[in-house]
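Colleague: mind looking at a prediction? Sequence and model below.
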Amino acid sequence: MTQAKEQNDIVLKSTRGLLIFSKWLLMLGVGALSVALPVVLVFHEKIVTKLADVFVTPPGPEVVGLIGILIFLGITLMLLTLFALNRLRRIVDSVGEGNPFTRINGTRLRGMGIAVLAIQVVTFTGGLLATGLLSMLGEVKPDQDFHMTIEGSISLSGILLVLLLVILARIFDRGAEMQEELEGTI
Amino acid sequence: MAILVKLDDLLHDNRMTLTELAERVDITLANLSILKTGKAKAMRFSTLEAICRELDCQPGDLLVFEENA
């Protein structure tokens, strides 16, 4: 095996390992948030009481509803990331098998592009809701140590990633066509 | 496909089997079968040259264009 191939294998193996680790981490996160969501809704009175200890203006029950929506968005975000990572893992596997230029990989990349776009939308919506939540909660009592800053802007790098994935999907489609042509050449 | 491959006829004229030709031109039998049945999408000049050499023919004898095929 050549040195370049060995290096390639290391890159592929580490990418695969990182993707598997991220997948389990995300599944753990989805599990934790799925437990947190009903807990927050069931114990909403206790949460309102605790928040009243921290903030000057006692928050209303709608704050808990907003926290619930944010947790739900968090779960959605993680599921979308899982969807994209699973597809990326399959693409990495096909690279390892030496046959990446297939139509299914083009479809996978397009799916990843849609997932990343959805992640951008969910992140932006979540950011807006969280900013709204912070303004609803108002000022923190002087004796409490609580700081939180939230940015709810559209990410340019995220949009670029979506475009890159869609273009890559087209490249893979063309690659698959060329591969089929090559296979039919005698 | 409008391009017809007349490999069967040429083999018959030369009294040669597909297996024999495959051995002579160093192309797998499976690939020659694809070519013979007209399922090939493209043909390399080197393949055409080898077949023409072994079957003592011109490219036009092997490949024929028929509009209604």
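Modeller: Done, it's in. Predicted, not measured: the structure shown is a model, and the values here were computed from it.
Colleague: how about the nearest residue to B:Leu4, chain neighbours excluded?
Modeller: B:Val64 (4.7 Å; Cβ to Cβ, 6 or more residues apart in numbering or on different chains). Quick note: C-beta positions are derived from backbone N, CA and C, even for glycine.
Colleague: check whether that neighbour sits in a helix, strand or coil.
Modeller: Following DSSP: H, G, I helix; E, B strand; the rest coil, B:Val64 is assigned to strand.
Colleague: what is the neighbour count of it?
Modeller: Neighbours of B:Val64 under the rule other Cβ atoms under 10 Å in any protein chain shown: 13.
Colleague: wait, it sits on B:Lys6?
Modeller: Yes: using Cβ atoms under 8 Å, B:Val64 makes contact with B:Lys6 at a distance of 5.8 Å.
Colleague: so how far is chain A from the residue nearest to B:Leu4?
Modeller: 17 Å (Cβ to the nearest Cβ, to the nearest Å).
Colleague: quick one: pLDDT of that residue?
Modeller: pLDDT, B:Val64: 93.
Colleague: list the contacts for A:Arg87?
Modeller: Applying Cβ atoms under 8 Å, 6 or more residues apart in numbering or on different chains to A:Arg87 gives the contacts A:Arg108, A:Leu109, A:Gly111, A:Met112, A:Ala115.
Colleague: next up, identify which helix or strand the second one is on.
Modeller: Yep, that's A:Leu109 we're talking about. In the assignment (DSSP states H and E), A:Leu109 maps to helix A:103-137.
Colleague: burial of the residue lying closest to B:Leu7 once chain neighbours are set aside, as a residue count?
Modeller: Spatial nearest neighbour of B:Leu7, excluding adjacent residues (Cβ to Cβ, 6+ apart): B:Lys36 at 4.5 Å. Using other Cβ under 10 Å, B:Lys36 is surrounded by 19 other residues.
Colleague: what about the longest helix seen in chain A, distance to the chain center?
Modeller: In chain A, with assignment by DSSP state H, the single longest helix is helix A:3-42. Between the centre of helix A:3-42 and the centre of its chain there are 11 Å (Cα atoms, centre = their mean, to the nearest Å).
Colleague: what is the following helix or strand past it packed up against?
Modeller: Once helix A:3-42 ends, the next helix or strand along the chain (criterion: DSSP H and E) is helix A:44-54. The contact analysis (3 or more Cβ pairs under 8 Å, 6 or more residues apart in numbering or on different chains; DSSP states H and E) places helix A:44-54 against helix A:62-96.
Colleague: show the average pLDDT along the helix it packs on.
Modeller: 94.
Colleague: how about low-confidence regions in the chain?
Modeller: If you meant another chain, say so; for now it's chain A. A:1-7, A:152 (pLDDT under 70).
Colleague: actually it's chain B I care about, not the one you picked
Modeller: In chain B, residues with pLDDT under 70: B:1, B:69.
Colleague: how about the residues of chain B near chain A?
Modeller: B:Ile27, B:Asn31, B:Leu32, B:Ile34, B:Leu35, B:Lys39, B:Ala40, B:Lys41, B:Ala42, B:Met43, B:Arg44, B:Thr47 (Cβ under 8 Å from any Cβ of the partner chain).
Colleague: count the residues that sit near residue 41.
Modeller: As the question left the chain open, I've gone with chain A. Other residues close to A:Leu41 by other Cβ under 10 Å number 14.
Colleague: the intended chain is chain B.
Modeller: Neighbour tally, B:Lys41, other Cβ under 10 Å: 13.
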